[in-house]
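Student: Got a predicted structure plus its sequence, pasted below:
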Amino acid sequence: MDLAHYTQQLAQLVAQPSVSSTSSSYDQSNEAVIDLLASWTQSLGFRVEKMALPNNPGKFNLVATLGTGSGGLILSGHSDTVPCNPDKWQQDPWQLTQRDGALYGLGATDMKGFFPLALAASQHFKAHEYRAPLIILATADEESSMAGAMALRDQSYPISRAAVIGEPTGLTPIRAHKGVMMESIRIVGQSGHSSNPELGLNAMDIAVTLLSYLKRLKRSLRSRYHDERFAISYPTMNFGCIHGGDSPNRICGEVNIHFDVRTLPDLIQDQLRQEIAEYCAKLAAKTGAIIQLAPLINSVPSFDAGISELVQLCEQLTENSAQTVAFGTEAPYLQAMGMDTVVMGPGSIDVAHQPNEFIELSQLEPAYALISKLIHHYCIAAL
C-alpha cells in the first residue's frame, strides 16, 4: 500500500467538515466528503451513484460499484463525524497531522480513515478479475440519526452477499452489539407560589416518583435479560440529564428527563418503550399531570450475526475470535437487507469522539492486507 497516497487522501477527507448532530447549531452537510469519494471511485472505474436522503437537505449516501453480477462484498463506512472542541486539541482537528507513529485528525479513526484503505485494496486486483461486484458504501448521519443507513434499508438497496462495516475495532471482528435507545420524558404540572402547595402541581414531585419507577425497571431489566458474550452482560439504563423549575420559591411547573438504554439482542425495544409508556399514562391519570414519552433519536437496533460464514472467515483471516461491543453501528440495517454482516476495521474506539483522535500507522498495512483478502474471497474467487 502507498502510505503517502493514503495520507494524502485522508488529509483531504479530514479537511472537509462533516459533523452530524441532533443539534442544528452543530449539524453540517456531508456533501463535500461524498463528492471527494465520488471523484476518486469514478476515476478508478467504479460506477457511482450519489443518493440524496429524503427529507434531509444536504445529506447524501454514496454507492460506488466495481464489477457486475450478483453476490460480492460491501465495504461500508459513515462519512460524518461527531462535533469537537478545537480548544482541547493539540492541533487543528481538520488538518491531518502525523506524529508519534499516528495520524491525528477529526474522523481519522471514526471513520474516514477506512475509505482510503478500501480504495487501495480495490486496486490490488485488475478490473477484469472481478467475478462479483465490490461496493464502496459511504453513508450520512451515522453519528446522529442513522438516516443514511435507514434510507438504504427502506429502499432495499444495495444488496451484496456480505458487508463489512469498517468501524474502529483494532481489526477484531465484531459479531454482536447492543442496541441504543435515547428517550425523553416531559412532565408538565402547574406552577404557583411555593407557600401553598395546593395552588399548583409540582412536576418535580412527579419526576421523583417516575425516577423511582425507572430505577426499579433498571433493576428488573438486569434480572430479566442476560448475555455472557458482552462485557456488561445485562441491559444498562443511564439517567443522563434532568431539567426543571426556575426558582426555589415557585412550584416547579415542568421537568424534562433524558435517559438511555443499551439493549441486548433479545430485548425488543418497542416492547420496552410500550412498558414505560403505559406506566407514564397511569401516573398521568393518577396525578393530573401531562407526561409525554418521546425518543430523542431513532433507536439503533441491537445486532447479532451469530457464527456466520463471514464471521468465521474474519476470525480465520485475523486470528482473532469475534467479540461483542456496547456501542451501536449501522450493522443491523445492512443485516436487515439480507446481507451477512460484520463490524471490523482499523483503529481504536477508545480514541473516537475524543480530542486528538488518531489512527495508528501500524494498523494500516494489516488492514490493507485483510481487506484485500476479503475482496479476493467474495469478488475475485467468488467462493
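Tutor: Everything's here; your move.
Student: any idea how the chain splits into domains?
Tutor: 3-177+302-380, 179-295 (automatic domain parsing).
Student: start to end distance for the first one?
Tutor: It stands for domain 3-177+302-380. 24 Å (Cα to Cα, to the nearest Å).
Student: With the last one instead?
Tutor: Across its full length, domain 179-295 reaches 14 Å end to end, with Cα to Cα as the criterion.
Student: that older thread, could you export the domains of the chain as TSV, including mean neighbour count?
Tutor: In this view, the C-beta of every residue, glycine as well, is placed from N, C-alpha and C. Formatted as TSV, those follow (neighbours: other Cβ atoms under 10 Å):
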stretch	mean neighbour count
domain 3-177+302-380	20
domain 179-295	16
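Student: Please dump the ones you listed into a markdown table; it should also carry mean pLDDT for every row.
Tutor: Below are the domains of the chain laid out as a markdown table (pLDDT from 0 to 100):
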| stretch | mean pLDDT |
| --- | --- |
| domain 3-177+302-380 | 96 |
| domain 179-295 | 97 |
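Student: just checking, what packs against the helix or strand D270 falls within?
Tutor: Assigned by DSSP states H and E, D270 belongs to helix 269-287. Applying 3 or more Cβ pairs under 8 Å, 6 or more residues apart in numbering; DSSP states H and E, one finds that helix 269-287 makes contact with strand 179-188, helix 203-224, strand 254-263, strand 290-295.
Student: which residues sit against that helix?
Tutor: Here helix 269-287 makes contact (Cβ atoms under 8 Å, 6 or more residues apart in numbering) with 179, 181, 183, 185, 189, 201, 206, 209-210, 213-214, 217, 221, 261, 263, 289-293, 295, 299, 301.
Student: before we move on, the earlier item: please name whichever of the helices and strands packed on helix 269-287 is nearest to F327.
Tutor: Proximity to F327, assessed across those by Cβ to Cβ, is greatest for strand 179-188 (7.9 Å).
Student: quick check: angle from the closest one to strand 254-263?
Tutor: On the basis of axes from the mean of the first three to the mean of the last three Cα atoms, to 10 degrees, strand 179-188 is oriented at 160 degrees to strand 254-263.
Student: now strand 179-188 against helix 269-287, angle please.
Tutor: Interaxial angle, strand 179-188 versus helix 269-287 (the same axes, to 10 degrees): 10 degrees.
Student: what packs against strand 179-188?
Tutor: For strand 179-188, the packing partners by 3+ Cβ pairs under 8 Å, 6+ apart come out as helix 203-224, strand 254-263, helix 269-287, strand 290-295.
Student: now these as a markdown table including distance to I159?
Tutor: Shown next, in a markdown table, are these (distance: least, Cβ to Cβ, whole Å):
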| stretch | distance to I159 |
| --- | --- |
| helix 203-224 | 35 |
| strand 254-263 | 27 |
| helix 269-287 | 25 |
| strand 290-295 | 29 |
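Student: Of all these, which one comes closest to Q354?
Tutor: Evaluated over the helices and strands packed on strand 179-188, closeness to Q354 peaks at strand 254-263, with 19.3 Å, by Cβ to Cβ.
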